[in-house]
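Visitor: Here is my input; please provide its structure:
(one chain, ligands or ions: 1)
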Amino acid sequence: MRLGAALLVAGVVVLGLAAGVDAGEPSVIPQPVSVQRREGAFRLTPQTRIVARGPAWAEASKLIDFLTPATGFVLRGATSRQGDEPAIELTLDRNLSDLGDEGYTLDVTRGGITIAARRPPGLFYGIQTLRQLLPAAIFSKAKADDVTWDVPCVYITDTPRFQWRGLLLDPARHFISVPDVKRFIDVMALHKFNHLQVHLTDNEGWRIEIRKYPQLAQLGSQMDWNLRRRGGTGPRRFGFYTQEDIRELVRYAAERYITIVPEIEMPFHTGAAIVVHPELGITPGPLGALPLEQRWYKTRGLIAPRPRAVAFFQDVLTEVMELFPSAHIHIGGDEANTEHWANDPEMQEQMKRLELADAHELHSWFIARMDVFLAQYERRLVGWDEILQGGLAPGATVMSWRGEQGGIAAANAGHDVVMAPTSHTYFDYYQGPPESEPLAIGGNLPLARVYSYDPIPEAIAAENARHVLGVQGQLWGEYIATAEHLDYMAYPRAAALAEVGWSPRERKDYDDFVGRLERHLQRLKTIGVHFRALD
Ligand code: ACM
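Guide: Reported below is the predicted structural model:
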């Protein structure tokens, strides 16, 4: 055994000497579809050309911007490669149909690097992989001296398993500043996530400017719910995004091929809106008679879906659609206690008038009003799996959070689903023994469990598996008050989820992932991500 190990070490050394460099083994997260290691390395120097034409240029300039701070090289661009000059070439080729919209090939030889894709997102993801082949110091914002910028020679072919690879942020509970959201987006892009759901409204705050109802954000973002209930949780409770902020975030995310999916909660989790507009609530008269600060605990968080409330939320969605190009618009739909409607004379009357059997059907009726409305603008409604109760609206996509049953039922009925079960994707849950972790909402979701997730349960018939758009991790904000704490809850679990969403099932191997993760954490450290250390 010892002799064998010695020979193996000797073999590696000889290989390293023969190549003239030892650039290390690739440790890319998420694991690509195929990685062929070759001998040797490409060395990035100030003479390296960046070669691209047409729309590939936008990606090339992102690569140049990325390489400059740590190397100090101001790499020059060109539209074609001269002879055998060392170059990184980005090419778009419509004929590479096997690569889909997001796939790429990355060919590293001693003489140069070529990233090829059918569409620009593929080039972008090829660049994310290339970043991870360089020494971790490449992520430094300051010039890193004494580093040799070697890229191991490899041939990588890569496409994602799922089209929806998401994370959720919750600025409704604790507001998250625009720079902090951008930083979060940057780290998402490195992991090839492509959807960011932003939970913009809840009982604790309304965080998006709506021009037609300006007080929604102005007053609805001033709630001190967290302060009172959690005993004080930091300085970022208040605040909202102006429409300019939203446009800036949407643009920033789009540059990184991340779609921001807005979530406007209804009919429950709407306390902040009801405080500002008591006419939305179940008991508008008594509520409206109270001073603003006394309304917060009396709203029940639930609107009454009378025509005026339907029109109000459609007005809100109109402005939301103007701001967010996302094909999917999330309307929440979770956790409504419809007993409040069942017991309310006005709602009983409305149910009778609409010939609805019970309050679950009233819930479905309300969600369907939003589904039809969004469909007129060619948008698709997404909701948490409670929207299945009382009948699912025709165009709805279901986000399955209370386990997988909702997702299974919806996919088998031909609806699109995103898997987001508490069991594997709730990153607000504890990730270690509660006594040694910061206060969290509960649960137990260690890294290995996230990694083990397969978003296509066996109970979904093979012909319906295509309805599983993908997977999403949730960072609910009740207990997450700072950007550092957000990092801690997100990483490395989100790195594991990135692999769940991107890598082929047969390429997944937890021990191998942890080995790559150890090197990957050096990158996150250099970026300044406050991740949780491995056990
Ligand atoms: C949820 O966690 N209420 C979707």
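
Visitor: so how far is stretch 26-38 off the chain centroid?
Guide: 22 Å (C-alpha atoms, centre = their mean, to the nearest Å).

Visitor: Report the rounded mean pLDDT for that stretch.
Guide: Taken as a whole, stretch 26-38 has an average pLDDT of 97.

Visitor: Run through who's touching it.
Guide: 25, 108-109, 129, 132-133, 152-159, 191-192, 495, 498-499, 501-504, 507-508, 512-513, 515-517, 519-520 (C-beta atoms under 8 Å, 6 or more residues apart in numbering). Any C-beta I mention is one placed from the backbone N, CA and C, and that applies to glycine too.

Visitor: Run through the strands of the stretch 151-300 of the chain in chain order.
Guide: Using DSSP state E, counting those that start in this stretch, the strands of the stretch 151-300 of the chain run over residues 164-169, 195-199, 201-202, 205-206, 259-266.

Visitor: got a markdown table for those strands, with distance to the ligand, mean neighbour count and mean pLDDT too?
Guide: Below are the strands of the stretch 151-300 of the chain laid out as a markdown table (distance: least, C-beta to the nearest ligand atom, whole Å; neighbours: other C-beta atoms under 10 Å; pLDDT from 0 to 100):
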| stretch | distance to the ligand | mean neighbour count | mean pLDDT |
| --- | --- | --- | --- |
| strand 164-169 | 9 | 26 | 98 |
| strand 195-199 | 9 | 24 | 99 |
| strand 201-202 | 10 | 28 | 96 |
| strand 205-206 | 16 | 30 | 95 |
| strand 259-266 | 9 | 24 | 99 |
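
Visitor: List only buried entries from the contacts of stretch 26-38.
Guide: Burial by neighbour count, 16 or more other C-beta atoms under 10 Å: within these this picks out 108, 129, 132-133, 152-154, 156-159, 191-192, 495, 498-499, 501-503, 507-508, 513, 516-517, 519-520.

Visitor: who's in contact with the closest residue to residue 92 other than its chain neighbours?
Guide: Distance criterion C-beta to C-beta, 6 or more residues apart in numbering; nearest residue to residue 92, sequence neighbours excluded, is residue 56 at 5.0 Å. Listed by C-beta under 8 Å, 6+ apart, the contact partners of residue 56 are 90-92, 120, 123.

Visitor: Restricted to helices, list the residues you listed.
Guide: 120, 123 (DSSP state H).

Visitor: quick one: which of the contacts of residue 56 is nearest to residue 463?
Guide: Using C-beta to C-beta, residue 120 comes nearest to residue 463 of the contacts of residue 56, at 31.9 Å.

Visitor: Could you count how many residues lie near the closest one?
Guide: The number of residues packed near residue 120 is 18, by other C-beta atoms under 10 Å.

Visitor: got the end-to-end distance for stretch 93-100?
Guide: Using C-alpha to C-alpha, to the nearest Å, the end-to-end distance of stretch 93-100 comes to 11 Å.

Visitor: Would you mind listing the buried residues in it?
Guide: For stretch 93-100, a neighbour-count test (16+ other C-beta under 10 Å) marks 96, 99-100 as buried.

Visitor: Give me the contacts around it.
Guide: 103, 105, 116-119, 122, 159-160.

Visitor: What distance do you get for the residue nearest to residue 92 to residue 509?
Guide: Distance of residue 56 to residue 509, computed by C-beta to C-beta, to the nearest Å: 34 Å.

Visitor: same question, residue 356
Guide: Separation of residue 356 from residue 509 (C-beta to C-beta) stands at 51 Å.

Visitor: Might you enumerate the residues of the chain proximal to the ligand?
Guide: Residues of the chain lying close to the ligand by C-beta under 6 Å from any ligand atom are 334-335, 384, 401.

Visitor: If you count surrounding residues, which of residue 356 and residue 509 has more?
Guide: More neighbours surround residue 356 than the other of residue 356 and residue 509, with 17 against 14 (other C-beta under 10 Å).

Visitor: Can you get me a residue count around the closest residue in space to residue 282 that isn't next to it in sequence?
Guide: Among residues not flanking residue 282 along the chain, residue 304 sits closest, at 4.6 Å (C-beta to C-beta, 6+ apart). Counted by other C-beta under 10 Å, the residues lying close to residue 304 total 23.

Visitor: Start the count at 663 instead of 1 going forward.
Guide: Sure, I'll start counting at 663 from here, so that last one is residue 966.

Visitor: which residues does the closest residue to the ligand within the stretch 813-962 of the chain contact?
Guide: Closest contact between the stretch 813-962 of the chain and the ligand, by C-beta to the nearest ligand atom, is at residue 931 (7.7 Å). Residues in contact with residue 931 (C-beta under 8 Å, 6+ apart) are 863-865, 963, 994, 996-997.

Visitor: In ChimeraX, how would I select the buried members of those residues?
Guide: Those of the contacts of residue 931 that count as buried under 16+ other C-beta under 10 Å are selected in ChimeraX with:
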select :863,864,865,963,994,996
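
Visitor: With respect to residue 836, which of the contacts of residue 931 is nearest?
Guide: Lowest distance from residue 836 to those (C-beta to C-beta) belongs to residue 864, with 10.9 Å.

Visitor: any idea what sits nearest the residue most central in space within the chain, other than its immediate chain neighbours?
Guide: Nearest to the mean C-alpha position of the chain, counting by C-alpha atoms, centre = their mean, stands residue 829 at 2.7 Å. Nearest residue to residue 829 in three dimensions, chain neighbours excluded: residue 1135, at 5.0 Å (C-beta to C-beta, 6+ apart).

Visitor: what helix or strand does the one you found sit in?
Guide: strand 1130-1137 (DSSP states H and E).

Visitor: In terms of secondary structure, what does the following helix or strand past that strand contact?
Guide: Toward the C-terminal end, the helix or strand that comes next after strand 1130-1137 (DSSP H and E) is helix 1145-1152. For helix 1145-1152, the packing partners by 3 or more C-beta pairs under 8 Å, 6 or more residues apart in numbering; DSSP states H and E come out as helix 840-852, strand 1130-1137.

Visitor: Out of the ones you listed, which is closest to residue 945?
Guide: Taking C-beta to C-beta, strand 1130-1137 is the member of the helices and strands packed on helix 1145-1152 nearest to residue 945, at 31.7 Å.

Visitor: average pLDDT across that closest one?
Guide: The model assigns strand 1130-1137 a mean pLDDT of 98.

Visitor: And stretch 773-790, by the same measure?
Guide: The average pLDDT for stretch 773-790 rounds to 98.

Visitor: could I have that stretch exported to CSV, CA atoms only?
Guide: What follows is stretch 773-790 as a C-alpha-only set of coordinates in CSV (Å, rounded to 0.1, in the frame of the first residue of the first chain):
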residue,chain,number,x,y,z
GLY,A,773,-2.0,27.7,-26.1
GLY,A,774,-5.3,29.2,-25.3
ILE,A,775,-8.9,28.9,-24.0
THR,A,776,-12.1,28.7,-26.0
ILE,A,777,-15.6,29.0,-24.5
ALA,A,778,-18.3,28.2,-27.0
ALA,A,779,-22.0,28.4,-26.5
ARG,A,780,-25.3,28.6,-28.5
ARG,A,781,-26.5,31.6,-26.6
PRO,A,782,-24.9,34.4,-24.4
PRO,A,783,-26.0,32.8,-21.0
GLY,A,784,-23.9,29.8,-22.0
LEU,A,785,-20.8,32.0,-22.4
PHE,A,786,-21.6,33.6,-19.1
TYR,A,787,-21.7,30.2,-17.4
GLY,A,788,-18.5,29.2,-19.1
ILE,A,789,-16.9,32.3,-17.7
GLN,A,790,-18.2,31.3,-14.2
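
Visitor: what about the chain, any weak spots by pLDDT?
Guide: Residues of the chain that meet the criterion pLDDT under 70 lie in 663-686, 886-899.

Visitor: buried ones in stretch 765-784?
Guide: Of all the residues in stretch 765-784, those buried under the rule 16+ other C-beta under 10 Å are 765-770, 772, 774-784.

Visitor: hmm, I was thinking of stretch 1106-1117
Guide: By 16+ other C-beta under 10 Å, the buried positions in stretch 1106-1117 come out as 1107-1109, 1111-1113, 1115, 1117.

Visitor: Stretch 835-848 now?
Guide: 835-838, 840, 842-843, 845-847.

Visitor: again with stretch 941-954
Guide: Of all the residues in stretch 941-954, those buried under the rule 16+ other C-beta under 10 Å are 942-946, 949.
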